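Peer 1: Model the structure of this input:
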Amino acid sequence: MKFRDDPKILLDYAERSGYPKPDEDIVSLSENIRIKREFNLNDIKQFADWKAPRIGIKIVRNEKQLIKDVSDFVFRSKHPKSKIEGLQIIHGVGYPLASTILHFLYPNDFAIIDVRALWSLDENRPNFYTYDFYERYNNTCKMLSRELNVYLRLVDKGLWQYSKENQK
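Peer 2: Numbers count the residues shown, from 1 in each chain. The predicted model follows:
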């Protein structure tokens, strides 16, 4: 995966990002979750509402104990594959939402996977996501973050906005 243009312009795109929802509420939620080292059904629903509101209806079908068990597992897990695939036990959570949750819980470790960002990296959305695909995507975003000396979230916003303005 490689950005379609000169990576230096990503910062300009990030600055004018028209991301549909502001980060502040979800950042605050994530900080509280990190302190407690646990999330609940309502927390997952808030992440879903931020990322893709249409899947919120699927999230509320989950049992509270399942969410607690997954929460315990995610916070105990050391390997990123365990974390991202563990979250997908929750009905309605796929790679896009799992990566969103993990991004805000571990902002330097997980990039948010999104069809717009994939387009900006000259990559088509796969029929189904795999960990290997996500790992390649995540490594590309982290490389851009290091190259530009910015937070991973700015790379995400820049990729998203670049697609919004240039994808036909």
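
Peer 1: contacts and neighbour counts: CA atoms only from here.
Peer 2: Fine.

Peer 1: what's the helix or strand bottoming out on mean pLDDT in the chain packed up against?
Peer 2: Among the helices and strands of the chain, helix 56-59 carries the lowest confidence by mean pLDDT, DSSP states H and E, at a mean of 91. If you count contacts as 3 or more Cα pairs under 8 Å, 6 or more residues apart in numbering; DSSP states H and E, helix 56-59 packs onto helix 41-51.

Peer 1: who's in contact with the helix it packs on?
Peer 2: Taking contacts as Cα atoms under 8 Å, 6 or more residues apart in numbering, the residues outside helix 41-51 that touch it are 21, 26, 29, 55-56, 59-60, 62-64, 67, 97, 100-101.

Peer 1: now stretch 117-125
Peer 2: Stretch 117-125 has contacts (Cα under 8 Å, 6+ apart) with 1-4, 115, 137, 156, 159-160, 162-163, 167.

Peer 1: run the last query once more with 6 Å
Peer 2: If you take Cα atoms under 6 Å, 6 or more residues apart in numbering as the criterion, stretch 117-125 is touched by 1-4, 159-160, 163.

Peer 1: mind checking how far that stretch is from the chain centre?
Peer 2: For stretch 117-125, the separation from the chain centroid amounts to 15 Å (computed by Cα atoms, centre = their mean, to the nearest Å).

Peer 1: For it, measure first residue to last.
Peer 2: 10 Å (Cα to Cα, to the nearest Å).

Peer 1: My guess is P96 contacts F110. True?
Peer 2: No: with contact defined as Cα atoms under 6 Å, P96 does not reach F110; the gap is 11.1 Å.

Peer 1: where in the protein is pLDDT low?
Peer 2: By pLDDT under 70, the chain has no low-scoring segment.

Peer 1: Please, where are all the helices along it?
Peer 2: Secondary structure of the chain (DSSP state H): helices located at 10-15, 24-36, 41-51, 56-59, 64-76, 80-87, 95-105, 115-120, 131-148, 152-166.
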